[in-house]
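Asks: mind folding the following:
(one chain, ligands or ions: 1)
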Amino acid sequence: MRVLITGGAGYLGTHTLLQVLAAGHEVCVFDNLSNSSPEGMERVKALSNRTFEFRNTDLRDRESLIERTKDFAPDAVIHFAGLKAVGESVEKPLEYYENNVQGTINLLYAMEAANCQNIVFSSSATVYGDPDFLPITEDHPLRSTNPYGRSKLHIEEMLRDLAASKPEFTAAILRYFNPVGAHKSGQIGEDPMGIPNNLMPMIAQVAVGRREVVKVFGNDYDTPDGTGVRDYIHVNDLARAHVAALDWTQDHKGARAFNLGVGQGVSVLEMIEAFAKASGRDIPFEIAARRAGDIASCYADPTRARAELGWSAELGLDEMCASSWNWQDSNPRGYEPDA
Ligand code: UD1
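Replies: Now for the predicted structure:
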């Protein structure tokens, strides 16, 4: 299959790119490199022993998007490109709607122009908001509490509306829980710019000595140890789900959502402990105030993905921590060359 991957230079993008290449597909990556480095893609080339096309493309530029999409003529699109920091989205809502929602509208027009009917979309468990019940099934009510979450929800709704209007259109909507870990080579991994927002890169940077202490955002939640509980999923399991979703688009029609999680909750303190064990490093932490907008617990019921995509997560917490540490320890400054 000819597969266009938007946002293919990022953390989830590079890991997925590697597996899509390994599955034998022809790939073109569109990325504007606003939150990623071209070095990640170079490493994917070396790891996969394959090449792929890359176009420095911004989804906000509809004309060039249409031209380049027609040029590559994809059979399917995996759509990662977008902004993803919750706090920033509250500060700059229009940028989130412009990049995420308008960018996706442009992409859908470009797909139409290129006669491509299949999309695999990067959604998020954030569309469930503060959950009414656990584990969360795909039928859980959808809501969002910030512009980032609303941008994901708007895109999901557009995909469902488009599928209702075009019988030949197929959208696999993948709702990610908390992706962590790295490829086992230690060559690619998560490389956040600035201070990490998310727990795992923060722990990894403390372990490697780049930052001093992990702030634990609240220990008075209604959870077994009082800290937030999440469903962490290894990025390679997540990447593999995209290959399964691509296959799914080939013999299904309509828009369908799938939870991508392990189905088990892990607390902040459990994660710090597991990472300390995997890395053999001390991870200093201190209890801090709750972070605005955080919820106590969130974990998936991944039954639908197993039943309909034939996919389930295989890698556990030890592999998540060990691979993340391997990446961080071999690349203390991420893709930045050593000073
Ligand atoms: C966050 C986003 C979510 C997004 C996902 C992936 C928020 C509210 N949610 O999920 O919309 O899809 O990232 O980008 O930002 N924690 C600490 N100390 C830290 C960082 C985090 O204690 O320095 C805690 C949090 O309170 C939470 C857990 O670790 O209990 C996980 O946090 P994080 O990795 O940021 O993910 P989410 O908040 O679940």
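
Asks: I'd like to know how many residues surround whatever residue of the stretch 101-250 of the chain ends up closest to the ligand.
Replies: The stretch 101-250 of the chain approaches the ligand most closely through Gly228 (2.1 Å), counting by CB to the nearest ligand atom. In this view, the C-beta of every residue, glycine as well, is placed from N, C-alpha and C. Neighbourhood size, Gly228 [other CB atoms under 10 Å]: 25.

Asks: swap in Gly280?
Replies: Neighbours of Gly280 (other CB under 10 Å): 9.

Asks: please apply the same query to Ser123.
Replies: 23.

Asks: do Ser151 as well
Replies: When neighbours are defined as other CB under 10 Å, Ser151 has 28 of them.

Asks: and it, how far from Ile105?
Replies: 12 Å (CB to CB, to the nearest Å).

Asks: next, count neighbours for Ala113.
Replies: For Ala113, the count of nearby residues is 14 (other CB under 10 Å).

Asks: what's in contact with the helix ranked longest in the chain?
Replies: Ranked by number of residues, the top helix in the chain under DSSP state H is helix 147-165. Under the criterion CB atoms under 8 Å, 6 or more residues apart in numbering, residues 82-86, 88-90, 93, 96-97, 100-101, 104-105, 108, 119, 121, 123-124, 126-127, 129, 142-144, 169-171, 173, 253-255, 257 lie in contact with helix 147-165.

Asks: output the contacting helices and strands for the helix-or-strand element of the chain with minimal mean pLDDT.
Replies: None of the helices or strands of the chain scores lower by mean pLDDT, DSSP states H and E than helix 86-91, at a mean of 94. Helix 86-91 is packed against helix 93-96, helix 147-165, with contacts defined by 3 or more CB pairs under 8 Å, 6 or more residues apart in numbering; DSSP states H and E.

Asks: buried set for it?
Replies: Residues 86, 88-89 are the ones in helix 86-91 that count as buried (16 or more other CB atoms under 10 Å).

Asks: how many other residues sit next to Glu286?
Replies: Residues lying near Glu286 (other CB under 10 Å) number 9.

Asks: ditto for Pro141
Replies: 10.

Asks: just the pLDDT for the residue nearest to it when sequence neighbours are not counted.
Replies: Among residues not flanking Pro141 along the chain, Asp132 sits closest, at 6.5 Å (CB to CB, 6 or more residues apart in numbering). Per-residue confidence (pLDDT) for Asp132: 98.

Asks: and Asp132, how far from His140?
Replies: 7 Å.

Asks: cool, and Leu12?
Replies: Leu12 is 23 Å from His140, where distance means CB to CB.

Asks: re earlier: wait, does the next helix or strand after the longest helix of the chain contact the ligand?
Replies: Later in the chain than helix 147-165, the nearest helix or strand by DSSP states H and E is strand 170-176. No - contact of strand 170-176 with the ligand (CB under 6 Å from any ligand atom) is absent, the minimum separation being 6.8 Å.

Asks: list of residues touching strand 170-176?
Replies: Outside of strand 170-176, the residues within contact range by CB under 8 Å, 6+ apart are 12, 117-125, 127-128, 138, 156, 159-160, 162-163, 233, 238, 241-242, 245-246, 248-249, 252-261, 300, 309.

Asks: which of the residues you listed fall within helices?
Replies: Those of the contacts of strand 170-176 lying in helices (DSSP H): 12, 156, 159-160, 162-163, 238, 241-242, 245-246, 248-249.

Asks: may I see those organised as TSV, with neighbour count and pLDDT added?
Replies: Shown next, in TSV, are the ones in helices among the contacts of strand 170-176 (neighbours: other CB atoms under 10 Å; pLDDT from 0 to 100):
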residue	neighbour count	pLDDT
Leu12	21	98
Glu156	20	98
Leu159	25	98
Arg160	16	98
Leu162	17	98
Ala163	20	98
Leu238	26	98
Ala241	26	98
His242	28	98
Ala245	28	98
Leu246	22	98
Trp248	21	98
Thr249	22	98
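
Asks: what about the ligand: which of the residues you listed touch it?
Replies: Near the ligand, by the rule CB under 6 Å from any ligand atom, you find none of the ones in helices among the contacts of strand 170-176.

Asks: tell me the one of those residues nearest Asn56?
Replies: Nearest to Asn56 out of the ones in helices among the contacts of strand 170-176 is Leu12 (CB to CB; 18.9 Å).

Asks: from Tyr221, how far out is that closest one?
Replies: Per CB to CB, Leu12 is found 27 Å from Tyr221.

Asks: swap in Arg210?
Replies: Between Arg210 and Tyr221 the computed distance is 28 Å (CB to CB).
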